[in-house]
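Engineer: need a structure here:
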Amino acid sequence: MGICVSKGEDVALRAHREVEKQLKEVLFTNARQLSMALQAKARRDAQVKILLLGSGDSGKSTVLKQMRLIHQVGFSPQEIESYRQLVFNNLVHGMRLVLESMSIFSLDVEPANSHYVPLIEGAPDLKDGEPFPLYYRGPLQALWEDKGVQRALLRGNEVALPENLKYFYPQLDRFFDPSYRPSDQDILHCRARTTGINETVFRLKTHELHLLDVGGQKSERRKWIHCFEGVTSILFLASLNGYDMSLSEDRDANQMQDAMAIWDSICHSQWFRTTSIILFLNKLDLFSEKILHSDIKAVFPDFDGKPKDVMEGREYFRKRFLRLAQKSSRTREREIYVQFVTPLYVFLHLMSLSFTNATDTALLRVVMAAVEEYVFLYLHRPDLSSRCHLYYTLPLYASFHNPILFSTTLRGNLQVAALI
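Structural biologist: Next up, the predicted model:
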């Protein structure tokens, strides 16, 4: 009898140990899965996803390149070589577009320069390490100085001629030096059509900033939806300089009106009901030059400001964009980031958006510092979303009705201020 009891106890003990072992394995597996899930959540929480949106030629890719310079995410030797080749491409392709536009405008190059046209039309692509072909130096200079070409450039807004030609062509000697290496400004002024989705990661103190640049041309916009999930903020760019320009892919469409249509759809999209939106009215420098000879009222008849007045012109477009945003019945669910950047001595009030020049690294450094500060504040204070909405222009000394006010001062003479 005793032996039988001993054997039964032994069987029970082994069974108990087996169950205990299985239970430990289950607990270990669950703990490991939970740990992995927590780590994945921590990684997601540490990620800030900003989506760059806007129509073509609004400056999205330039902002991305500026961010790389600001955060010292340098360009690789292969990237620098690609930009060197792109400078040559921009020179010859830009001139080719000018020559094509001349037939639309019923203009001709001067007889002395006509034999250069086939050379431009048949320009080769550079190979790695290949210097700019010296036999292009003289023809490009001659065509740039051609009276017919200059007249076509004056009407460039009608056919969306490249805006960077005025930067590149005065520096032809530098580019045709066999030892030429692109400077940061050269890289910023390079233009290449963005296709697909380009993601760049910037590692900050406590977070990873994921900046997604997507093509702005109409054919690329169907891809935007693939980027919508998990977006922290939208950085929407519109070119102020585009108020009288056609789209490069559609001569009958206006750049500014196209940007407003996209902005309107984003502000009213179900995807972005609670997503904060940052609006950059970009290319203020080009706008300030153009407004002196191109009347806004000729394109936007409801403009009632003074002709050639930069402040009234940009204020008009500011209000147009804000009216579109305010049409939404969900205004109080969404945050529109409001800020204005200007030299400190004329910093008199806060505006409801940002006026920028994406090729000015010092200026954009200040702007993006405020953007990052805002995004992190938004992540750590989600309770703000229930009471953050559009604020109008306010004097600095006025009552702010207790909104959160923060500012960032860099380089001694620039300031960003934001109301959220």
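Engineer: List the buried residues in whichever helix or strand residue 211 is part of.
Structural biologist: Counting by DSSP states H and E, the element that carries residue 211 is strand 208-214. Residues of strand 208-214 classed as buried by neighbour count (16 or more other C-beta atoms under 10 Å): 209, 210, 211, 212, 213, 214. Placement of C-beta: from N, CA and C, glycine included.
Engineer: gap between the fifth one and residue 69?
Structural biologist: In this structure, residue 213 and residue 69 are separated by 15 Å, where distance is defined by C-beta to C-beta, to the nearest Å.
Engineer: ok, now the second one?
Structural biologist: In this structure, residue 210 and residue 69 are 18 Å apart, going by C-beta to C-beta.
Engineer: Helices of the stretch 1-150 of the chain, start to end?
Structural biologist: For the stretch 1-150 of the chain, the helices defined by DSSP state H, counting those that start in this stretch cover 2-45, 60-70, 77-104, 117-121, 137-145, 147-154.
Engineer: Relative to residue 267, which of these is closest?
Structural biologist: Proximity to residue 267 (C-beta to C-beta) singles out helix 60-70 among the helices of the stretch 1-150 of the chain, at 17.9 Å.
Engineer: Tell me which other helices or strands that closest one touches.
Structural biologist: strand 47-54, helix 184-189, strand 197-203, strand 208-214, strand 233-239, helix 361-380 (3 or more C-beta pairs under 8 Å, 6 or more residues apart in numbering; DSSP states H and E).
Engineer: what angle sits between it and strand 197-203?
Structural biologist: 20 degrees (axes from the mean of the first three to the mean of the last three C-alpha atoms, to 10 degrees).
Engineer: ok, residue 276 - how many residues close by?
Structural biologist: 22 (other C-beta atoms under 10 Å).
Engineer: list the contacts for the spatially closest residue to residue 85 that is not a sequence neighbour?
Structural biologist: Nearest in space to residue 85, with sequence neighbours left out and distances taken as C-beta to C-beta, 6 or more residues apart in numbering, is residue 126 at 4.4 Å. By C-beta atoms under 8 Å, 6 or more residues apart in numbering, the contact set of residue 126 is 84, 85, 88, 89, 132.
Engineer: what about the nearest residue to residue 60 once chain neighbours are set aside, neighbour count?
Structural biologist: Distances taken as C-beta to C-beta, 6+ apart put residue 52 closest to residue 60, at 4.3 Å, once the chain neighbours are dropped. For residue 52, the tally of surrounding residues (other C-beta under 10 Å) stands at 25.
Engineer: For residue 52, which residues are in contact?
Structural biologist: Counting by C-beta under 8 Å, 6+ apart, residue 52 has contacts 60, 63, 64, 211, 212, 213, 214, 235, 237.
Engineer: separation between it and residue 85?
Structural biologist: 24 Å.
Engineer: Residue 147 too?
Structural biologist: Residue 147 is 31 Å from residue 85, by C-beta to C-beta.
Engineer: Next: residue 244.
Structural biologist: 32 Å.
Engineer: Equivalent analysis for residue 323, please.
Structural biologist: For residue 323 relative to residue 85 (C-beta to C-beta), the value is 44 Å.
Engineer: Over to residue 240?
Structural biologist: As judged by C-beta to C-beta, residue 240 and residue 85 stand 30 Å apart.
Engineer: Those two: who's more crowded?
Structural biologist: residue 240 (28 against 19).
Engineer: show me the contacts for that one.
Structural biologist: 256, 281, 282, 283, 284, 286, 287, 313, 314, 317, 355.
Engineer: ok, and the closest non-adjacent residue to it?
Structural biologist: Spatial nearest neighbour of residue 240, chain neighbours left out: residue 287 (3.8 Å); criterion: C-beta to C-beta, 6+ apart.
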